[in-house]
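> 3D, please:
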Amino acid sequence: MLTIALYICPQTVCSSLSMAMDAFNLANRLASPPPFRLLRVSLDGQTVDLDFARIQVDGDLALAEQADVLLLPASGSAIDNTLAANAALLPWLAQRPASQQLVSLCSSAFLLAAAGVLDGRRATTHWALANQFRQRFPRVELRIDQLLCQDGQLFSSGGAHAGLDLCLHLIGLHAGSELAQLVANALVFDTQRGAQTRFAPLLPAPLPHDSQLGPLLQWMQQHHGESIDLNRLATQANCSSRTLLRRFKASTGLTPNDYLQRLRISAAQRALHDPGCSLEQIASQVGYGDRATFAKLFKQLCGETPGAFRKRLRQSA
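Have a look, this model is predicted:
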């Protein structure tokens, strides 16, 4: 029987904890004999108060040392607060033996990274935390497109329900793919969900109404299907190309060309809802001269081809 210790702290996200426990408990009910022993541990072995629950634990970190797997449920987006409140956990994590599997769900990848165990290794986390993670931990090879990531004995997952993808992966790894599929079926969960990047918004948040770039972005929205280069944009914005590049990057985090491509692909996503439009027609409508270029950029930004995106829309309908 594999022992899994779930680390619980005041920052633990209730839904992430319950999702993980539900998956492994369901696996135990569907298999004979039960393959998993679950332990709940906290930093000091004391009861932990979460937003919606008071969680009784089985022991402290000394108990977790005996586990085959240490799983850290998501710990929210207040990263500074989480790292400060769990400062005593970090040196303990750094000393874990190579034989113990370390698992982070969503934002708890920051805890593993802060402990140094992800240096030079592959990992993922919630797509919305990608920039912050890269700035803090440049030595980690962040695979933000992936729903889950395994590098040896280190496991991490993307945002929210990607934690269930990872739990199912662990069930399959330790108790067989058939049991993992039974658990997925019982939870009515599709295990073929593609890349995490398809859940991330293509465009940055709208700028304030008084932004210098506001009129230009509105113009790009109306003319994105036309031939547009940097000089034309600069003329429209009444500034030099150099000034426009600087303003654009500072305001949106993107170059004008990157923004234009995302604007076009976003329009293509909307157009793909219409089954009467061919991919060639959509490519032309949004500003691409050929289907191949359009398909390549679509997959690069969305994590799937235009055809796969449209097929998924049909299946959802």
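> tell me the gap between stretch 137-147 and the middle of its chain.
Relative to its chain's centre, stretch 137-147 lies at 10 Å (C-alpha atoms, centre = their mean, to the nearest Å).
> got the buried residues for it?
137, 140, 142-147 (16 or more other C-beta atoms under 10 Å). Every residue, glycine included, has its C-beta placed from N, CA and C.
> can you put the residues you listed in a markdown table and add pLDDT?
Output for those, formatted as a markdown table (pLDDT from 0 to 100):
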| residue | pLDDT |
| --- | --- |
| F137 | 98 |
| V140 | 98 |
| L142 | 97 |
| R143 | 95 |
| I144 | 92 |
| D145 | 90 |
| Q146 | 94 |
| L147 | 94 |
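> remind me which helix or strand Q261 belongs to.
helix 256-271 (DSSP states H and E).
> and that helix, what does it pack onto?
helix 214-223, helix 230-237, helix 241-252, helix 279-286, helix 291-302 (3 or more C-beta pairs under 8 Å, 6 or more residues apart in numbering; DSSP states H and E).
> hmm, 10 Å instead?
helix 214-223, helix 230-237, helix 241-252, helix 279-286, helix 291-302, helix 306-316 (3 or more C-beta pairs under 10 Å, 6 or more residues apart in numbering; DSSP states H and E).
> contacts for the fifth one next, please.
Looking back up the chat, that one is helix 291-302. Contacts with helix 291-302, where a contact means C-beta atoms under 10 Å, 6 or more residues apart in numbering, come from 145, 194-195, 197-200, 202, 258, 261-262, 264-266, 268-269, 272, 278-288, 290, 304-309.
> just the buried members of the residues you listed?
Here, 16+ other C-beta under 10 Å leaves 145, 194-195, 197-200, 202, 261-262, 264-266, 268-269, 272, 279, 282-283, 285-288, 304, 306, 309 buried among the contacts of helix 291-302.
> grab the nearest non-local neighbour of A195.
Counting by C-beta to C-beta, 6 or more residues apart in numbering, A195 lies nearest to G303, which is 3.0 Å off, once chain neighbours are set aside.
> the one you found contacts A200, doesn't it?
Yes. The criterion here is C-beta atoms under 10 Å, and G303 meets it with A200 at 8.8 Å.
> state the number of residues packed around the closest residue to D44 other than its chain neighbours.
With C-beta to C-beta, 6+ apart as the criterion, D44 has its nearest non-adjacent residue at 5.6 Å, and that residue is D60. D60 has 14 neighbours, counted by other C-beta atoms under 10 Å.
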